[in-house]
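> The amino acid sequence is not available; the structure is as follows:
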Ligand code: FRU
C-alpha cells in the first residue's frame with residue numbers, strides 16, 4: 001500500500017492512537033487526582049520515528065482518552081531528544097518543587113543528543129497536577145557514565161528505605177539508583193548480565209511488587225528486549241524475585257514472557273494508584289520494531305494495547321505474572337449475546353460497529369484440538385489453534401488481509417501454562433488488532449492484523465464434541 005493514504009478502516013475503536021503521526025513506547029504513566037496520564041514517544045512532525053518528544057493524553061476511565069498538547073518538547077538548546085522514561089507524584093514534596101496546592105509531578109526521562117547519541121537522565125516537572133511541564137534548568141540529573149545505551153528510567157517510591165528507586169537499562173543489564181529527592185542519585189546495584197534472554201538489547205524496565213490472592217508477595221522486574229522476542233523482533237521478558245531496597249535477585253533461571261504475541265513492547269505500569277487499591281496496570285506499544293516503520297496506517301502510525309491489570313499467580317508450584325484487560329475496560333463492556341452448544345462447531349456473526357470482547361469456554365480433552373477462526377467476506381481470516389497435548393497455542397495471521405506482505409513471522413506460537421479440560425479464553429478484537437487472553441490471562445498474545453474488511457464471523461471448532469459457549473460483548 002502506498003504511503004499517505006488515509007486508512008480509517010484500521011483506526012482502533014478503543015485502543016489508544018495519536019490523532020496523527022508516529023508513536024512508540026508509553027512513557028510517564030502516572031495517576032493523580034482521578035486522572036490517568038499517558039505520555040508517549042511521539043514525532044510531532046511526521047509518520048516516521050524521529051524528533052522524539054513526549055506526546056500526552058489523559059483519561060478518567062482508561063477507555064476514553066483526551067488528546068493533550070505535547071508535554072515535554074525537545075528544545076534546540078537542550079540535551080537532545082526526549083526518550084522514554086517515567087513519572088511519579090511527589091506527595092511529600094521531597095523534591096522541594098511544590099509552590100501551590102498540587103504536589104509536584106516529576107518525570108525522569110532520557111535525553112539523547114542528536115549527533116553524538118550520548119544518553120543522560122533528565123528531569124521535568126509539573127506544578128499544576130500534570131497539565132503543564134517544564135524542564136529542570138540544570139539537567140541532566142545523571143550524567144552518562146561512558147555507556148552507549150543508558151536509558152529509560154523508571155522511578156518509584158520505596159517505602160521501607162524512604163528512597164526513590166530508579167531502574168534503567170545499560171546495554172545488557174539493569175542498573176539501580178537511589179535518591180532522597182529525585183535530583184541526587186546514587187548508583188546502588190546492577191542486575192542481569194548472566195540472567196534471562198540476551199538475544200537483543202535491553203530496554204524500558206519496570207520494577208514493582210505484586211501479591212497473590214493468598215498474600216504471597218514477590219518483586220517483578222520487566223525488561224523489554226529487541227530483537228529476541230518470543231516470536232521474533234521485540235518482546236518483554238520478566239523476572240520474579242526479591243528486591244531488598246538495594247539489590248534485585250531472581251528466583252528462576254527460565255525466560256518468562258509477559259506476552260507471546262509479536263505486538264506488545266515496552267510495556268510499563270502506572271505509578272500513583274498503589275496507595276488506593278494496590279492494582280498494577282500496564283500499557284504497551286502495540287507494534288514491533290521489525291516492521292513498525294512499514295505499518296501502512298495513516299495519518300497515524302502506532303497504537304497502544306489495552307490497559308491490563310497484572311496479577312501474580314502460582315501455577316504448578318511456580319509463580320507467574322498473568323494479565324487481563326483492566327477492570328475499567330471490563331466495566332465498560334455491554335453484553336450483546338450468548339450462545340452455547342454441544343456440537344463440534346459453533347459459529348456466530350460478529351457485529352462490525354464496536355470493539356468486541358469475546359469470551360469462550362469449552363470442554364476439551366487432552367487429545368483434542370481446538371480451532372478458532374475469524375473471517376470476512378473477502379476470504380481473509382485469522383486462525384488460532386490450541387493443542388493441549390503439546391501445551392501450544394498457534395496463531396496464523398498469514399491470511400489476515402494486507403498483513404501477509406508485512407509480517408516477518410505470520411505463524412506465531414505460545415506456550416500455555418494451564419492445560420486443564422476446561423478452557424476459558426477471552427479475545428479482544430478491535431479493527432486491526434487481536435489480543436488473546438488464554439486461561440485467565442496466563443498466556444497472552446497481542447497481534448496486529450490488517451484485514452481489508454472487518455471480520456464478520458467467528459467459528460469455534462473442536463475435533464471431539466463437548467460443551468461450548470461463546471459470549472459477545474461490545475467495549476465502550
Ligand atoms: C524502546 C526505545 C527506548 C527509547 C525509545 C526511543 O522502544 O528504543 O529504549 O527510549 O524507544 O524512541
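Nice, I can see it. All of these numbers come straight from a predicted model, not from anything done at the bench.
> who are the neighbours in contact with residue 95?
Counting by C-beta atoms under 8 Å, 6 or more residues apart in numbering, residue 95 touches 104, 106, 125, 181-183. Heads up, the C-betas are built off the backbone N, CA and C, glycines and all.
> From residue 388, how far out is it?
Residue 95 sits at a distance of 53 Å from residue 388 (criterion: C-beta to C-beta, to the nearest Å).
> hang on, the earlier thing: most neighbours among the contacts of residue 95, please name it.
Of all these, the highest neighbour tally under other C-beta atoms under 10 Å goes to residue 106, namely 26 neighbours.
> Show me what it is bridged to.
residue 88, residue 125 (DSSP bridges).
> so who does it touch?
If a contact means C-beta under 8 Å, 6+ apart, then residue 106 has 87-88, 90, 95, 97, 123-125, 155, 182 as its contacts.
> Now the closest residue to the ligand within the stretch 201-350 of the chain: closest residue in space that isn't a chain neighbour?
Closest contact between the stretch 201-350 of the chain and the ligand, by C-beta to the nearest ligand atom, is at residue 203 (3.7 Å). Among residues not flanking residue 203 along the chain, residue 224 sits closest, at 4.8 Å (C-beta to C-beta, 6 or more residues apart in numbering).
> just residue 45 next, same as before
According to C-beta to C-beta, 6+ apart, the nearest residue to residue 45 is residue 51 (5.3 Å).
> so how many other residues sit close to that neighbour?
Neighbour tally, residue 51, other C-beta under 10 Å: 17.
> In three-state terms, how would it be classified?
At residue 51 the chain is in coil, as set by DSSP: H, G, I helix; E, B strand; the rest coil.
> Give the next helix or strand downstream of the one helix or strand the residue nearest to residue 203 maps to.
Element membership of residue 224, judged by DSSP states H and E, is strand 217-226. Using DSSP H and E, the next helix or strand after strand 217-226 towards the C-terminus is strand 235-243.
> Can you spell out which helices and strands pack onto the helix or strand following that following strand?
Next in sequence after strand 235-243, counting helices and strands by DSSP H and E, comes strand 248-250. For strand 248-250, the elements it packs on are strand 186-191, strand 217-226, strand 235-243, judged by 3 or more C-beta pairs under 8 Å, 6 or more residues apart in numbering; DSSP states H and E.
> Let me have these in a markdown table, extended by mean pLDDT and mean neighbour count.
As requested, the helices and strands packed on strand 248-250 are exported to a markdown table (pLDDT from 0 to 100; neighbours: other C-beta atoms under 10 Å):
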| stretch | mean pLDDT | mean neighbour count |
| --- | --- | --- |
| strand 186-191 | 98 | 16 |
| strand 217-226 | 97 | 22 |
| strand 235-243 | 98 | 21 |
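> now these as a markdown table including distance to residue 468?
Below are the helices and strands packed on strand 248-250 laid out as a markdown table (distance: least, C-beta to C-beta, whole Å):
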| stretch | distance to residue 468 |
| --- | --- |
| strand 186-191 | 45 |
| strand 217-226 | 35 |
| strand 235-243 | 32 |
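> From residue 11, how far out is the residue nearest to residue 15 when sequence neighbours are not counted?
In this structure, residue 15 finds its nearest non-sequential neighbour in residue 303, 4.9 Å apart by C-beta to C-beta, 6+ apart. With the distance defined as C-beta to C-beta, residue 303 ends up 9 Å from residue 11.
> cool, residue 169 as well?
32 Å.
> Just want to know which of these two has more residues nearby.
The neighbour comparison of residue 169 against residue 11 (other C-beta under 10 Å) goes to residue 169, with 26 against 18.
> Hmm, that one is touching residue 149, no?
Yes. Using C-beta atoms under 8 Å, residue 169 is in contact with residue 149, at 6.7 Å.
> Common neighbours of those two, please.
residue 201.
> ok, and for the worst-scoring helix or strand of the chain on mean pLDDT, which residues are buried?
Averaged element by element with mean pLDDT, DSSP states H and E, the chain has its least confident helix or strand at helix 274-277 (a mean of 74). For helix 274-277, a neighbour-count test (16 or more other C-beta atoms under 10 Å) marks residue 274 as buried.
> Name the surrounding residues that touch it.
Contacts for helix 274-277 (C-beta under 8 Å, 6+ apart): 31, 280.
> Turn the contacts of residue 106 into a markdown table, including pLDDT and distance to residue 451.
Shown next, in a markdown table, are the contacts of residue 106 (pLDDT from 0 to 100; distance: C-beta to C-beta, whole Å):
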| residue | pLDDT | distance to residue 451 |
| --- | --- | --- |
| 87 | 98 | 36 |
| 88 | 98 | 40 |
| 90 | 97 | 46 |
| 95 | 98 | 49 |
| 97 | 98 | 49 |
| 123 | 98 | 44 |
| 124 | 98 | 40 |
| 125 | 98 | 44 |
| 155 | 98 | 40 |
| 182 | 98 | 46 |
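> Those residues: which two are farthest apart?
Spatially, the most separated pair among the contacts of residue 106 is 97 and 155, at 14.6 Å (C-beta to C-beta).
> May I have the beta-bridge partners of residue 300?
Beta bridges link residue 300 to residue 21, judged by DSSP bridges.
> Most neighbours of all the contacts of residue 106, which one?
In terms of neighbours by other C-beta under 10 Å, these top out with residue 87 at 31 neighbours.
> Up against the ligand, what does this protein have?
With C-beta under 6 Å from any ligand atom as the criterion, the chain meets the ligand at residues 24-25, 41, 52, 83-84, 110, 151-152, 203-204, 266.
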